[in-house]
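A.B. asks: Let me see the structure of the following:
(2 chains)
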2 protein chains.
Amino acid sequence: MKILIPGIDGYIGWPLALRQLSLGNTVCGIDNFSRRKNVEEMNSHSAIPILSMKKRLDVLKKAYGQKINFYKGDLLNSQFVDEVIKIFGPDVIIHLAEQPSAPYSMIDQAHNIYTQQNNVIGTLNLIHSMQKHSPRAHLIKLGTMGEYGYDPGLDIAEGFFEIEFKGKKATIPYPRLAGSWYHWSKVHDSNNIMFACKLWKLRSTDIMQGIVYGTKTKEIENETYHTRFDFDEAFGTVINRFCAQAVIGHPLTVHGLGGQTRGFLALSDSIQCISLLIENPPEVGQYRVVNQFDEQYSVMALAKKVQRIGQKKGWAVEIINKENPRLEAEEHYYSAEHSILQKLGFKRTREIDDEIGIMLDHLLEYKNRIEEKKSVIVKNIKWQKALQSSPPT
Amino acid sequence: MKILIPGIDGYIGWPLALRQLSLGNTVCGIDNFSRRKNVEEMNSHSAIPILSMKKRLDVLKKAYGQKINFYKGDLLNSQFVDEVIKIFGPDVIIHLAEQPSAPYSMIDQAHNIYTQQNNVIGTLNLIHSMQKHSPRAHLIKLGTMGEYGYDPGLDIAEGFFEIEFKGKKATIPYPRLAGSWYHWSKVHDSNNIMFACKLWKLRSTDIMQGIVYGTKTKEIENETYHTRFDFDEAFGTVINRFCAQAVIGHPLTVHGLGGQTRGFLALSDSIQCISLLIENPPEVGQYRVVNQFDEQYSVMALAKKVQRIGQKKGWAVEIINKENPRLEAEEHYYSAEHSILQKLGFKRTREIDDEIGIMLDHLLEYKNRIEEKKSVIVKNIKWQKALQSSPPT
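C.D. replies: Got it, this is the predicted structure:
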């Protein structure tokens, strides 16, 4: 199969490309390197050093031959997207080229506009090019469980659910109540893609993914192939950040009470899930939503896990509750369906405790690189800072 | 009160400005004249000639003194929006500056991108400026009943409804299942505004408006004050188009079976409703949704109404069913709640038959201008044209 990966240079894009090459598929990547630039803007860097794209491609060509190709460019450039899709003719497009950070989108107006513009218009260009040049390809778009939000206190369905209203029944999209400009940009994309499937009979899988953690998959064990690992407040995710903090003896910083419950998934299992979805495409015209995570934990439970595993290694690991910069409930009901991937054959390959242990050992090798950027681990990007400075009524 | 109207040069913006001036309010308008340009792009013009903005302002200054001000500019220019809101300090912002045509957004990729970019990013700039400079102003955003779509066969609630799922109850947004790129852009805006109300405690009324028809309100009886009247396929709405067709002896063109049922509202009553909403703002932090229409009709029932009223004038009025260019059910259940405006005191001031009669007489004065653009009355902007040219699987 021919697999196009916009966002190939990212945390998931890179190990996914290696997995697909290992499976014998042909891979074409697109990236504008915005992740590298935006992490630099946060005055941070990947804890694990990664190669330049030129070097990445060199090592892949040695390992997999001519099965990999790369175009530097931006999804906002519709002509570029048209050309790549026309020339490559993908069977599958895995769209990982969105600005993926909620805190980054909440910094200020410019970061919100950048996020929504990049994500909404970039995705529109991608689906228009598909419609013109690859209408039967399978579009896999990476969304997030955060599109549903955590407000209504209902069980979370997998994309759609049946309800009754005034004596009539209907199956409708599960409500989206996102909690950041970034999360809303993903909702807008989900809505646009759902419509494109109806309008043009495109086929798409929209992944509502939980929070991914870890540094390894079987293809990237070797240092040459490592994927990036962010730990700054904008681009680092919760378990990864706790592990980076533990490694340098920084207290694990829990937002508020830490009762926020989310779904989680090891990097290795995220790659497994996406690969399963590639092997099992939806029907022509179908818009399929899958909730992609393995286990649910509260943030505090995870902090305690990292603490316990660190302590076993003889480290002193402290947990502190800091003021929650986000606008979210710190204790809430959470129960989300996630059965589609299990039906497709998903099986957990890593236990979370093992993975955290592996990650702590792995990050220890890069302790100095984390130390160096210690000051950006907590930046306090506040959801409501501007409100607090508003004049009274 | 100080009323800011982005989109003041439009079909509703102009008579709304006059109503607000008549009520003694101070009005500031913004426009980039995109409506004039986009109708020209369709090779059409307003059937009723309208003055240039310079002349419009001259006559208003004579009639109402210094209570009116105007800035030419674009909501995509965040600095411009900041400056206007900072200088004017509005109590109410009535946001009419969106690209308002579904067919226009469906022409091709460029028109879709233009629509979503203009609407989503323009609205984001507006709410960011509000948050910075007028956080207690009341934002009235013009949405459309089309945001809900016509698919699920449920009764349509007014913004939110209570449902039960797996034994738990919650009040959630009524599902949005829009049917064009334009309609989805309005859904994205609704979602962004709902979040801004939660995040920044802005207050907003989101109007899900039915289809507006008519040429007159009490302030624009006099020719000097007329508002524009579009009848081309992109910018003309259904009753207005039927009346323009009847005036020049063109058959009334019904899309498909004509069983599409929608809510409708006379221009004069749309202005009444918006004025009621201005007088009755929501609470600080409240995101209020109102369904703004008066009566429900099917498209075929309206065609027959226009035919009957035209025939009474001795005109020959034919109805033809043409291939439906849209992707929509041509027969469906439709029942939408609309009680909030009634509770605020809305009373119909025009009967639809009377208004159609008045409109036909009024348009007769401009028969030549409609004749002149006869060729653009039916352009066949097809929702699925591109699909039909796709290669088979």
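A.B. asks: quick one: which helix or strand includes the closest residue to A:Phe160 other than its chain neighbours?
C.D. replies: Nearest residue to A:Phe160, sequence neighbours excluded (Cβ to Cβ, 6 or more residues apart in numbering or on different chains): A:Thr171, at 5.3 Å. Glycine gets a C-beta too; all of them are placed from N, C-alpha and C. A:Thr171 belongs to strand A:168-173 when assigned by DSSP states H and E.
A.B. asks: do A:His111 as well
C.D. replies: Counting by DSSP H and E, A:His111 is part of helix A:109-116.
A.B. asks: That helix close to chain B?
C.D. replies: Yes: judged by Cβ under 8 Å from any Cβ of the partner chain, helix A:109-116 and chain B are in contact via A:Gln109, A:Asn112, A:Ile113, A:Gln116.
A.B. asks: Most neighbours of all these, which one?
C.D. replies: A:Gln116 (26 neighbours; other Cβ atoms under 10 Å in any protein chain shown).
A.B. asks: isn't it right up against B:Gly122?
C.D. replies: No: applying Cβ atoms under 8 Å as the test, A:Gln116 and B:Gly122 come out as separate, 11.5 Å apart.
A.B. asks: now the helix holding A:His111 against helix B:109-116, angle please.
C.D. replies: In terms of direction (axes from the mean of the first three to the mean of the last three Cα atoms, to 10 degrees), helix A:109-116 departs from helix B:109-116 by 140 degrees.
A.B. asks: List of residues touching helix A:109-116?
C.D. replies: Residues outside helix A:109-116 that contact it (Cβ atoms under 8 Å, 6 or more residues apart in numbering or on different chains) are A:99, A:104-106, A:181-182, A:184-185, A:188, B:78, B:120-121, B:124-125, B:128, B:192.
A.B. asks: Stretch A:354-364 too?
C.D. replies: Contacts of stretch A:354-364 (Cβ under 8 Å, 6+ apart): A:47-48, A:213-216, A:229, A:239-240, A:243-244, A:246-247, A:266, A:268, A:305-306, A:309-310, A:313, A:370.
A.B. asks: Does anything pack onto the longest helix along chain A? Which helices or strands?
C.D. replies: Criterion DSSP state H: the longest helix present in chain A is helix A:181-200. Using 3 or more Cβ pairs under 8 Å, 6 or more residues apart in numbering or on different chains; DSSP states H and E as the contact criterion, the elements in contact with helix A:181-200 are helix A:102-105, helix A:109-116, helix A:122-133, strand A:138-144, strand A:203-209, strand A:287-292, helix B:181-200, helix B:385-388.
A.B. asks: can I get those in JSON lines with mean pLDDT and distance to B:Asp58?
C.D. replies: Output for the helices and strands packed on helix A:181-200, formatted as JSON lines (pLDDT from 0 to 100; distance: least, Cβ to Cβ, whole Å):
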{"stretch": "helix A:102-105", "mean pLDDT": "97", "distance to B:Asp58": "44"}
{"stretch": "helix A:109-116", "mean pLDDT": "98", "distance to B:Asp58": "36"}
{"stretch": "helix A:122-133", "mean pLDDT": "98", "distance to B:Asp58": "41"}
{"stretch": "strand A:138-144", "mean pLDDT": "97", "distance to B:Asp58": "52"}
{"stretch": "strand A:203-209", "mean pLDDT": "98", "distance to B:Asp58": "53"}
{"stretch": "strand A:287-292", "mean pLDDT": "98", "distance to B:Asp58": "53"}
{"stretch": "helix B:181-200", "mean pLDDT": "98", "distance to B:Asp58": "33"}
{"stretch": "helix B:385-388", "mean pLDDT": "55", "distance to B:Asp58": "44"}
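A.B. asks: Out of the contacts of stretch A:354-364, which are close to chain B?
C.D. replies: Okay, of the contacts of stretch A:354-364, nothing touches chain B (Cβ under 8 Å from any Cβ).
A.B. asks: among the residues you listed, which ones are buried?
C.D. replies: Among these, those classed as buried by 16 or more other Cβ atoms under 10 Å in any protein chain shown are A:47-48, A:213-216, A:229, A:239-240, A:243-244, A:246-247, A:266, A:268, A:305-306, A:309-310, A:370.
A.B. asks: Looking at those, which are in helices?
C.D. replies: Short answer: the buried ones among the contacts of stretch A:354-364 in helices (DSSP H) are A:Ile239, A:Asn240, A:Cys243, A:Ala244, A:Ala246, A:Val247, A:Ser268, A:Lys305, A:Val306, A:Ile309, A:Gly310, A:Ile370.
A.B. asks: any idea which of those is closest to B:Pro251?
C.D. replies: Comparing those against B:Pro251 with Cβ to Cβ places A:Ser268 closest, at 64.6 Å.
A.B. asks: helix, strand or coil for the nearest residue to A:Asn118 once chain neighbours are set aside?
C.D. replies: Nearest non-adjacent residue to A:Asn118, counting by Cβ to Cβ, 6+ apart: A:Gln99, 5.0 Å away. Following DSSP: H, G, I helix; E, B strand; the rest coil, A:Gln99 is assigned to coil.
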